[in-house]
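> Attaching a predicted model along with its sequence, questions to come.
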Amino acid sequence: MSKSDPNSAIFMEDSAKDVESKIKKAFCPELIVEKNPILDYAKSIIFPARDYLSIVRKEEFGGNKTYTKYADLEKDYAEGALHPGDLKKAVAIAINELIEPVRQ
């Protein structure tokens, strides 16, 4: 997710579908928190802006969960309680909600 690559960097004018696609394709190694760009988005952008991140998933996969502390999110991810696909979906939703006012 480099700014030098417009196919991976997220821009304020990107459509919601573009953001979802870019996040879905992003590197997000399971159980690894260091140098994980999706966790970096959560830590550096989402939590400072709104203090929570909501994970929406079926009950059989752990059910819905709202994180109010980045440390708890990171811990669950490192322990395997949060799947990369679920994290990516939540981050894409949150980023889209944050940049929607700019798109208007």
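Yep, that arrived.
> What sits closest to Asn7 if chain neighbours are left out?
Lys22 (7.5 Å; Cβ to Cβ, 6 or more residues apart in numbering). In short, each C-beta sits where N, CA and C put it, glycine included.
> Phi and psi next, for the one you found.
When quoted as degrees, to the nearest 10, the phi and psi of Lys22 stand at phi -70, psi -40.
> Repeat that for Phe27.
The phi/psi pair for Phe27 (degrees, to the nearest 10) is phi -60, psi 130.
> the strands in the protein, which residues?
Per DSSP state E, the chain carries strands over the ranges 53-55, 65-67.
> Can you tell me which of those strands is nearest to Asp76?
Asp76 sits nearest to strand 65-67 of all the strands of the chain, at 7.7 Å, using Cβ to Cβ.
> if I pick the residue of the chain most remote from its centre, what's in contact with it?
The centre of the chain is farthest from one residue, Gln104, which by Cα atoms, centre = their mean lies 22.0 Å away. Contact criterion Cβ atoms under 8 Å, 6 or more residues apart in numbering gives no residues in contact with Gln104.
> Then Ile10?
With Cβ under 8 Å, 6+ apart, Ile10 has these contacts: Met1, Val19, Lys22, Ile23, Ile95.
> can you check Leu31 too?
Tyr77, Ala78, Glu79, Gly80.
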